[in-house]
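Q: Okay, here's the prediction I keep looking at, along with the sequence it came from:
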Amino acid sequence: MNNIFLRQLPIWLAACTMLSCAKQSSPPGTASLTLFNAVPGSSPSLVTNFSDTAGPITWYNSALKLTYGGWTTSYQQGSYSGKQPLAIYHIPDTGAHSTPLFNLMLDLPAGTIHTLFLTGTMSVPDTLFTTDMPPYHPASDSSMGLRFVNLSSGSTPVSINITGGANGSEVNSLPYKGITGYKNYPATAAVVHYKFEFRDAATGDSLTSYDITNINTAPAVPNTRRYRNLTLALIGLRGDPVSPQKAILIDSYTSY
């Protein structure tokens, strides 16, 4: 009897191992994708189709909409992790015979973080796709992460400085579709705001500015920047009265 048991023991162990692996199998994971619309003239909005790049959006009223200067972050699960088709239409061009403004295949491995910047123009659309590694801000470090991106189609390189600082003291020269890494800035109670100025890198001419506020911890002004990672984007067209150059703050990632 003991011999029979010993002969069958490897079989039982193999079966138990397979059952254990089956029980421990997990979903393929998730990937984070932030979409940002910086295409001038794309009002009222762009709509997304993640299911079939060749098909129309039948119910576009309930589809994900991207207004100009707006963004959204989604955590894609299951089949959305890995190779992901994405077609983006301009309302009202969402019918069966409409051609998407963007027709893309994104690489979204599980466990990764990405941003898709939609830029260019309506006649010549363009994209900037990034794999992001936002820094972690421990509770003992009252800071925020900030990066800069130039999405102003056709623009010359720009420089960036904080008001009172030398031209280009934060970023010396950022070309169209150029993006910096994250830099940590103090976000303590002593810091009220940061005002960033965008200039023509060659001439020093002022283009636009952006004031990042809500940094201090006064009761009336809660700190909404600490431990966060932000992107400050230059969008619009230089000299265009309809879509002039301006800066937009994208608030994407929390590290606590």
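A: Sure thing, it's come through.

Q: Where does the prediction get shaky in the stretch 51-200 of the chain?
A: 52-62, 74-81, 93-97 (pLDDT under 70).

Q: can you map out the strands along it?
A: Taking DSSP state E, counting those that start in this stretch as the test, the strands found in the stretch 51-200 of the chain are 65-66, 71-77, 82-90, 102-108, 113-120, 125-131, 143-150, 158-162, 171-174, 183-186, 194-200.

Q: Can you tell me the strand partners of the first one and which way each runs?
A: The partner list of strand 65-66 in its sheet, established with DSSP bridges, is strand 46-49 (antiparallel).

Q: The partner strand - what's its average pLDDT?
A: Strand 46-49 shows a mean pLDDT of 88.

Q: then that strand to CSV, C-alphas only?
A: Provided in CSV are the C-alpha atoms of strand 46-49 (Å, rounded to 0.1, in the frame of the first residue of the first chain):
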residue,chain,number,x,y,z
LEU,A,46,-13.3,65.4,-30.1
VAL,A,47,-14.8,62.0,-29.3
THR,A,48,-12.9,58.7,-28.8
ASN,A,49,-13.6,55.2,-30.0
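
Q: sorry, back to before: using a markdown table, lay out the strands of the stretch 51-200 of the chain together with mean neighbour count.
A: Where C-beta positions appear, they are placed from N, C-alpha and C, glycine not excepted. Converted to a markdown table, the strands of the stretch 51-200 of the chain look like this (neighbours: other C-beta atoms under 10 Å):
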| stretch | mean neighbour count |
| --- | --- |
| strand 65-66 | 18 |
| strand 71-77 | 16 |
| strand 82-90 | 19 |
| strand 102-108 | 16 |
| strand 113-120 | 22 |
| strand 125-131 | 16 |
| strand 143-150 | 24 |
| strand 158-162 | 22 |
| strand 171-174 | 18 |
| strand 183-186 | 14 |
| strand 194-200 | 20 |
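
Q: Can you lay out these as TSV showing distance to residue 209?
A: TSV is the format used below for these (distance: least, C-beta to C-beta, whole Å):
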stretch	distance to residue 209
strand 65-66	25
strand 71-77	20
strand 82-90	30
strand 102-108	30
strand 113-120	20
strand 125-131	22
strand 143-150	13
strand 158-162	10
strand 171-174	14
strand 183-186	16
strand 194-200	5
